[in-house]
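Enquirer: Give me coordinates for this.
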Amino acid sequence: SLQDDAEGLDKLLSFLETNRGISKVVVLGSSTGCQDAIHFLKVGMKKNLVHGIVLQAPVSDREALLAEQRSEDELRQLERFKEMASQMI
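Expert: Numbering: from 1, shown residues only. Next up is the predicted model:
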């Protein structure tokens with residue numbers, strides 16, 4: 001959850017501050033990690049250490065796929081790719 005991830009970032013930043021003397025960090029969130037980065041800035045206990053944030057590809061791919069209109073052929077292709085991916089796991 002976002003809260004679990006924020007708590008994990010707090011633990012990491014606490015360790016870096018205490019054991020490595022780090023007093024300034026830049027947080028990078030990629031894809032859905034952007035949600036974690038923003039949430040941390042709202043609730044993180046160690047958010048005062050964050051002096052910058054980078055949001056790389058801050059869009060939910062799942063929601064983007066649902067928002068776009070798809071042709072029947074595209075939907076069949078997506079289903080085929082989904083089946084192929086399932087077989088690879």
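
Enquirer: Helix or strand for F15, just tell me which one.
Expert: helix 2-20 (DSSP states H and E).

Enquirer: Can you tell me which helices and strands that helix packs against?
Expert: strand 25-30, helix 33-43 (3 or more Cβ pairs under 8 Å, 6 or more residues apart in numbering; DSSP states H and E). Where you see a C-beta, it was placed from the backbone N, CA and C, and this is true even at glycine.

Enquirer: which residues touch the last one?
Expert: If I follow you right, that is helix 33-43. Helix 33-43 is contacted by residues 2-3, 5-6, 9-10, 27-29, 47, 50, 53, 55-58 when judged by Cβ atoms under 8 Å, 6 or more residues apart in numbering.

Enquirer: Listing partners with orientation, what would you give for the helix or strand following that helix?
Expert: Using DSSP H and E, the helix or strand that directly follows helix 33-43 along the chain is strand 50-56. If you go by DSSP bridges, strand 50-56 pairs up with strand 25-30 (parallel).
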